[in-house]
Structures are given as structure tokens and as C-alpha cells.
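Colleague: With the input below, show me the fold.
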Amino acid sequence: MQAIFENLPLWWQGMGMTLLLTGVVTLIGLPIGILLAAMRVSPVAALRVVASVWTEVARNTPLTLVFFFTAFVLPKLGFIFDFTLGAILALTYYTSAFFAEAVRSGINSVPIGQAEASRSVGLTFGQTMGLVVLPQAFRSVLPPLINVIIALTKNTSVAMGFFVFVLTSVAQRLSTEYGNQALQIFIGIAISYLLITVPLGQLVDHLERKWSVQR
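Modeller: Numbering: from 1, shown residues only. Below is the predicted model:
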């Protein structure tokens, strides 16, 4: 741990990038996930197909392969961007599929009669989703969404292999400089991830206990 304390600016750089990736991908990926979930339950077949292909391909493709595609294939196709933006694109595409499935599970938990009643009074599909279904699905959706964010936080470590300086990059650099403290360094970085994920997990537990009492 001494190596980390002696290199706090380096640690803050890695922690800051990890938090940045987590926050930006959540802000972009969650709305995409909600849209994909709505498309998957849409009455329009083409929308269902597009959303299904997006989610199934993303969920069944290794994240490292997604990073390879954004880092090496897209530039050859003329899409040039820096490594941080590439990491955001890769993580957003990958994570949005898991957000979509979490939201879709909440949508499916709402009785179908709610949607039918909404359509019977003249609401459009979009109005039904936004005003009736999604608000009722909120309670069941929020805990799995937070679990996706926890997984996203850990998935940011993959960005290290694509020249983005995250927490695992700190461990790699310091273990090279302080070889005799490698174990302590990796334990310190693991604790750093826990500082992000444990509060989120406790939030999930709190919400589930609160809502189970209310029910």
C-alpha cells in the first residue's frame, strides 16, 4: 500500500478515468438500453428485429473483441478517434444491451392489462410506455440496473489493454516499479474498485428491503 500512497496523483488519474468511463457510459448507455427495451416489445416487427440483433450480438460477444473492433477495425473504415472515446463506444455498445434486458424484464413484470387499457383510451405506444408501463416497472428495474453499473465499473478494466489509463493500469505500472510490493499494490487496487461497487451494492440491498416492506 505504501507504493500507492507515494503515487497518489497516479492513483487519482486511474480512479478518475474509471469513474469517468462508468459515468459517461451509464449516461449514454442507459437511454439507449431503454430505447432498445421499448423496441423489443414494440408492435413493429422491424424494430423488434433490430433491437434483438443489437442485444443478442452484444451480450454474446466478448468485451475484448468489441474493444478490438473499435480500436483497430473502425479506424481502418475511416472512423478516427482517440482511445478514450473508443473505450466509451465499446463499453456503451456492450453495456446498453444489458441495460436493455434489465429494463425489458421490468416491462414484462407489468400486467399486460395496463397496456391494453392505455391503448383502449387512445394512448399511442410511446405514451403507453412513457406514462403507464415504465413508471410501474421502475421499482423492479432499478436494482438490476445498478447491478449492470457495478459490472460496468469492473469492465472498465479491459480498457487498460487499449491504452486507456484506468485503475488496473495503475497496478500494472506500480507493480513494475515496486516489484517487491506487487501483491499489496493489487490488493490496494482491488480495494479501490470496492470503494465504487460496494456502496452501489448496498444501495441495491437497501432498495430491495424498503420496497419489500412497502409491498
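
Colleague: in what helix or strand does residue 81 lie?
Modeller: For residue 81, there is no host helix or strand (DSSP states H and E).

Colleague: Show the backbone phi and psi for it.
Modeller: The phi and psi values for residue 81, taken as degrees, to the nearest 10, are phi -160, psi 170.

Colleague: show me the contacts for it.
Modeller: Listed by Cβ atoms under 8 Å, 6 or more residues apart in numbering, the contact partners of residue 81 are 74-75, 89. Quick note: C-beta positions are derived from backbone N, CA and C, even for glycine.

Colleague: got TSV for these, with secondary structure and distance to residue 172 too?
Modeller: Below are those laid out as TSV (DSSP: H, G, I helix; E, B strand; the rest coil; distance: Cβ to Cβ, whole Å):
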residue	secondary structure	distance to residue 172
74	helix	25
75	helix	24
89	helix	23
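
Colleague: got TSV for the residues you listed, with distance to residue 110 too?
Modeller: What follows is those, written out as TSV (distance: Cβ to Cβ, whole Å):
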residue	distance to residue 110
74	38
75	43
89	32
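
Colleague: Out of these, who's the most crowded?
Modeller: Ranked by the number of neighbours (other Cβ atoms under 10 Å), those place residue 89 first, at 20 neighbours.

Colleague: Could you dump the contacts of residue 81 into CSV with pLDDT and distance to residue 6 added?
Modeller: Conversion of the contacts of residue 81 to CSV gives the following (pLDDT from 0 to 100; distance: Cβ to Cβ, whole Å):
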residue, pLDDT, distance to residue 6
74, 88, 39
75, 87, 37
89, 94, 35
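
Colleague: Name the nearest of these relative to residue 109.
Modeller: residue 89 (31.2 Å; Cβ to Cβ).

Colleague: Sounds good, over and out.
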